[in-house]
Structures are given as structure tokens and as C-alpha cells.
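S.K.: Have a look; sequence and predicted model below, questions after that.
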Amino acid sequence: MAKKQEFEELSAKILKLAALSQFSFAAREKLQNNIKKLLSSLTESIGMEAAMDQVQLLRKLLSNVTNNLSEEKFRKVNTAHPKLAHLSPALLKILTTVGFSRSETLYTLKIPENAAMINPASILIAIGVIDKYLDENRYLVAKLKRQAKDDALRANLDIPDQPETTKAEAQKSSKGSVIDPNIVQLKMRLQGLKKVHTIELQKSSELSELLPYLRNISDFDDNDVAEIQLTCAAKRLVINLTPEMLRQTFEELKLYPAANVVIKLPSMQSATDTNSLTERAKANREKRKGSHTMASVGIYSTEDNAKGELIDGGGGVLWEQDVSDTEDEDNKAELPENEGEGEITKSADESHIVTGNEEL
């Protein structure tokens, strides 16, 4: 019994594949387009949610036919039945499109003459289009149902009206705090330091009112005030705090309504200049000295005045390890002077020192 059932299922699968293979591509595409248009018109006429319910019912009717090809009762659809009486004309049109014939309220799928059973190809194509339609709109229908449920719950909630005083306070808080238009917000830091100090002054205040704040964050003599430098990159302003400048207002210096400034004290200037010169000199010395290791690819001659040792890396590659030091070259030991005896000679292919008749 089990083998018979398995044989029938396998035969049905083979029959479906054979039926689809005989259906031409042009005929398949034409049938798919017609069914898509009918489904679209159904959605526009009765809405997405109601259309989904009817399409699922139609899909069940068609799948009963393909799953029971030899059963005659599944090839009949009686629209007079209470469960089928609400089917839309678009769905009934799909039934006739896939091969059903209509007789008043009865739709029947007849077996062609000289055929043992129906050809399910058109029904299988229609099921494929319907499945795609259901998959594309399933999430949308769930969203609409959830939204309708939320709207119903929201309508049943009894939310009292918000007091007028609360609304006024909410509006006042939403506007935020009021900014004084006469205030200058100055963000100041000392050159070389990261800490930023924020101070607020009146736009009509003179620059001299900045000095007390400077004394709180740094030390400088009163005689050095004229050498203090104030820089504002955004305003392209670089000034020294001379007596004339100290009498200028923040509005006149275009530091209103806000500005970021950097203060350079006299001690910082000298230290910066000294450090920069010292560091540059030190960097130059570092470039000229030190032991190096150079790796080159190529074939070297053993008599090419190479200062380093040649190391055979294999494969025709010699590595040159240069262990020379410019300091060592600068600090070579001087040869003793022997009243004109001996001389220093240097040949083209090797370097050596000769004193008298002996080679050191």
C-alpha cells in the first residue's frame, strides 16, 4: 500500500513536469500577465485585506485539482455554495482562464477527448502567480491589521485633555533658554596647552578686562603685557596687547558674539623659538649619524670598495650590511707624525694606510 502511494505521488510529479514542459514560453508569459491583471483589479475593487482572503480560497480550490487529478469532484466549483458565494468576478474570471467552463453557477474542468486526464499546466502556472502575490502582500496585510488594532485600542482609551498651563510650560521649555545678545562668549587657551577656558563678557567691554582672567591661568609681569599675543584664526586676527589695543572693545575687534582665541605669553615665545631651533639642530645631527642596515638585490663584486660585509642570501642575491658610522668616520684616529716619514695612499680598488714600508 505504501509503495502504491509512493508510486502515485511520483507519477503525479512527473506528469506535472511533463505538462509544464509542453507549455510554450510565450503562452506561459501571456497567462501570467492576465492573472496578474485580474489580481490587481481585485485588490483595487475590494481592498488588500479582503482580496487576500479570497485569493487564499481560490488557491486552495486550484491546489485540490492538481493534487487529485483523477478525482472528478475537485474539478467542479459551485459558486452557489455559501462559502463560495462571495467570490469576486475577477477570481471567477481566473477559473475560466485556466480552463474551467461555466454553466450558470457551476464551473467545471472537463477532460479533453482522447485524454486519460486533464493537463494541469495552466493551473500550476496560476498557482505560481498566486503564491507570489500572497508572499508580496502578506507583510503588508499584517501591518494593516496591526495598525487597525492599534487604532481601535487607542480609540477606547480615555485620555484627559492636557491642562493649558502644562501646554504653555511645554511650549516655553521647547523654545529653550533665551540668549543675551550683548554677551560675548570667548573660548581661550594658552599656546601649547589643551585646556580651554570659557569666559563671558559684554560686547562693549574693553580688551583690558581680559587681563584678570589671564592672571588666573598664567603668570606674567605687568611690564610684559604688551608682548602678549592674541590670535583668532577664524577672524584672521593677530594682535599684541598694547595699551592702544587694550582700549578696543570686543565688538570693535570683531570677536562678537563668540570667538576662539589662543594666547601666547612672552615666556612661551622665547621657549618656543629656542626649542624649535634646538630640535631642528638635533634632528639634523640624527640624520647624519647612526648605524644603518641596507638591503639590496643584485650581484656585487667583492672588490667594489664596499664598506659592509656581503652576505650570500642564495639564489644569486647578495645582501650588503653597512655598519659604517659617520661619527666613526669623523672621529678617525689621527696618524702620528714621524717627521715626514711615510705617506697616506689610496688605490682605486682598495683603501689602506701605508706608513713607511709597512701596511697597518
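M.R.: On my side now, so go ahead.

S.K.: Can you tell me the element Ala148 falls in?
M.R.: helix 121-156 (DSSP states H and E).

S.K.: I'd like the average pLDDT over that helix.
M.R.: Here helix 121-156 scores 84 as its mean pLDDT.

S.K.: elements contacting that helix?
M.R.: Where contact means 3 or more C-beta pairs under 8 Å, 6 or more residues apart in numbering; DSSP states H and E, helix 121-156 is packed against helix 2-21, helix 25-46, helix 48-67, helix 89-97. For glycine as for every other residue, the C-beta is placed from the backbone atoms N, C-alpha and C.

S.K.: For those, which has the smallest mean pLDDT value?
M.R.: Across the helices and strands packed on helix 121-156, the lowest-scoring stretch is helix 2-21, with a mean of 70.

S.K.: measure Pro120 to Arg28 for me?
M.R.: 14 Å (C-beta to C-beta, to the nearest Å).

S.K.: So for these two, which sits in the more crowded spot?
M.R.: More neighbours surround Pro120 than the other of Pro120 and Arg28, with 22 against 15 (other C-beta atoms under 10 Å).

S.K.: Excluding sequence neighbours, find me the nearest residue to that one.
M.R.: What sits nearest to Pro120 in space, not counting adjacent residues and going by C-beta to C-beta, 6 or more residues apart in numbering, is Thr66, at 4.9 Å.

S.K.: Repeat that for Lys235.
M.R.: Using C-beta to C-beta, 6+ apart, the closest residue to Lys235 is Lys254 (5.4 Å).

S.K.: again, but for Val98
M.R.: Distances taken as C-beta to C-beta, 6+ apart put Ser122 closest to Val98, at 4.4 Å, once the chain neighbours are dropped.

S.K.: who touches that neighbour in this structure?
M.R.: With contact taken as C-beta atoms under 8 Å, 6 or more residues apart in numbering, Ser122 is in contact with Phe23, Leu31, Thr97, Val98, Gly99.

S.K.: still on that earlier bit, I'd like to check the angle between the helix holding Ala148 and helix 48-67, please.
M.R.: Relative orientation of helix 121-156 and helix 48-67, computed by axes from the mean of the first three to the mean of the last three C-alpha atoms, to 10 degrees: 150 degrees.

S.K.: C-alpha coordinates for stretch 80-92, PDB please?
M.R.: Presented in PDB, the C-alpha positions along stretch 80-92 are these (Å, rounded to 0.1, in the frame of the first residue of the first chain):
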ATOM      1  CA  ALA A  80     -23.900  28.800  -5.100                       C
ATOM      2  CA  HIS A  81     -22.300  27.300  -2.100                       C
ATOM      3  CA  PRO A  82     -22.400  29.700   0.900                       C
ATOM      4  CA  LYS A  83     -18.600  29.700   1.300                       C
ATOM      5  CA  LEU A  84     -18.100  30.500  -2.400                       C
ATOM      6  CA  ALA A  85     -21.000  32.900  -3.000                       C
ATOM      7  CA  HIS A  86     -18.800  35.900  -2.100                       C
ATOM      8  CA  LEU A  87     -16.100  35.200  -4.800                       C
ATOM      9  CA  SER A  88     -15.400  38.300  -6.900                       C
ATOM     10  CA  PRO A  89     -15.900  38.300 -10.600                       C
ATOM     11  CA  ALA A  90     -12.100  38.700 -11.100                       C
ATOM     12  CA  LEU A  91     -11.500  35.300  -9.400                       C
ATOM     13  CA  LEU A  92     -14.200  33.600 -11.400                       C
END
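
S.K.: mind listing what's buried in it?
M.R.: Leu84, Leu87, Ser88, Ala90, Leu91, Leu92 (16 or more other C-beta atoms under 10 Å).

S.K.: What of stretch 30-50?
M.R.: By neighbour count on 16+ other C-beta under 10 Å, the buried set for stretch 30-50 is Leu31, Asn34, Ile35, Leu38, Leu39, Leu42, Thr43.

S.K.: Where does pLDDT dip in the stretch 151-300 of the chain?
M.R.: 158-178, 268-277, 287-300 (pLDDT under 70).

S.K.: For it, which segments count as strands?
M.R.: Under the criterion DSSP state E, counting those that start in this stretch, strands of the stretch 151-300 of the chain are mapped to 183-190, 197-202, 229-232, 237-240, 258-264.

S.K.: Of the contacts of Ser122, keep whichever come out buried.
M.R.: Leu31, Val98, Gly99.

S.K.: Tell me the one of those residues nearest Leu201?
M.R.: Leu201 lies nearest to Leu31 out of the buried ones among the contacts of Ser122, by C-beta to C-beta, at 82.2 Å.

S.K.: My understanding was that that closest one contacts Thr97; is that so?
M.R.: Yes: at 7.0 Å, Leu31 counts as touching Thr97 under the criterion of C-beta atoms under 8 Å.

S.K.: Show me the domain layout of the protein.
M.R.: Structurally, the chain divides into domains by automatic domain parsing as follows: 2-150, 183-271, 309-359.

S.K.: Adding distance to Ala281, write those out as TSV.
M.R.: What follows is the domains of the chain, written out as TSV (distance: least, C-beta to C-beta, whole Å):
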stretch	distance to Ala281
domain 2-150	73
domain 183-271	16
domain 309-359	16
